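>>> give the three-dimensional model of this entry:
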Amino acid sequence: MMQKVFSKAVMMGVAMVLASPLQADLLLSHAWLRAVPPVSPSMAGYVTVTNEGDARAVITGAHTGIAGHTMLHDMTLQEDGTRRMRHLGQVEVPAGESVSFAPGALHLMLMHLSRVPTEGETVEVCLELADEEPVCGDFPVSRTSPYDS
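Numbering: from 1, shown residues only. The predicted structure is shown next:
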């Protein structure tokens, strides 16, 4: 009898673990916004997104209080040597991996700025996720990456 009760308890525990959804656990690091002239209508943002969870995360956009619109962009090198920005609908961050938004590559574009933050300020930016709550972080404003040594 005791063995049956133990067996049922183990099976219920296994079922609960299997039924619980896998979660992404995102950590934002090395976040910053490139300082721009006070008349600029847009600015770029950079961050490293690390997924410490057990499921992939899908970033579908971003938002901040200083921009009317924020987009995910990538830079691609053209055959003539120029670079072209293109809008991305989403960016996937696999479980256990990191994705870097960096100058000249994947980045955030903050557009239709309601005000232009100055160098030294910090702005909260939130990354929107497909199946989870947004993840927010503080992005210091700097002319160059504050993380380069």
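
>>> dig out what residue 140 forms beta bridges with.
Beta-bridge partners for residue 140, by DSSP bridges, are residue 122.

>>> can you pull the contacts of it?
31-33, 120-122, 146 (CB atoms under 8 Å, 6 or more residues apart in numbering). Glycine gets a C-beta too; all of them are placed from N, C-alpha and C.

>>> state the distance from the most centrally placed residue in the chain to residue 99.
With distances taken as CA atoms, centre = their mean, residue 127 lies nearest the centre of the chain, 4.8 Å away. In this view, residue 127 and residue 99 are 11 Å apart by CB to CB, to the nearest Å.

>>> need the residues touching each of the two.
Common neighbours of residue 127 and residue 99 (CB under 8 Å, 6+ apart) are residue 49.

>>> what about the helices in the protein?
For the chain, the helices defined by DSSP state H cover 2-19.

>>> ChimeraX command to pick out the buried ones of the contacts of residue 140?
Under the burial definition 16 or more other CB atoms under 10 Å, those of the contacts of residue 140 that qualify are selected in ChimeraX by:
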select :31,32,33
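
>>> the contacts of residue 140 in strands, which ones?
Judged by DSSP state E, strands contain the following of these: 31-33, 122.

>>> contacts only, for residue 147.
Per CB under 8 Å, 6+ apart, neighbours of residue 147: 30, 32.

>>> and what of residue 107?
Residue 107 touches 44-46, 73-75, 101, counting by CB under 8 Å, 6+ apart.
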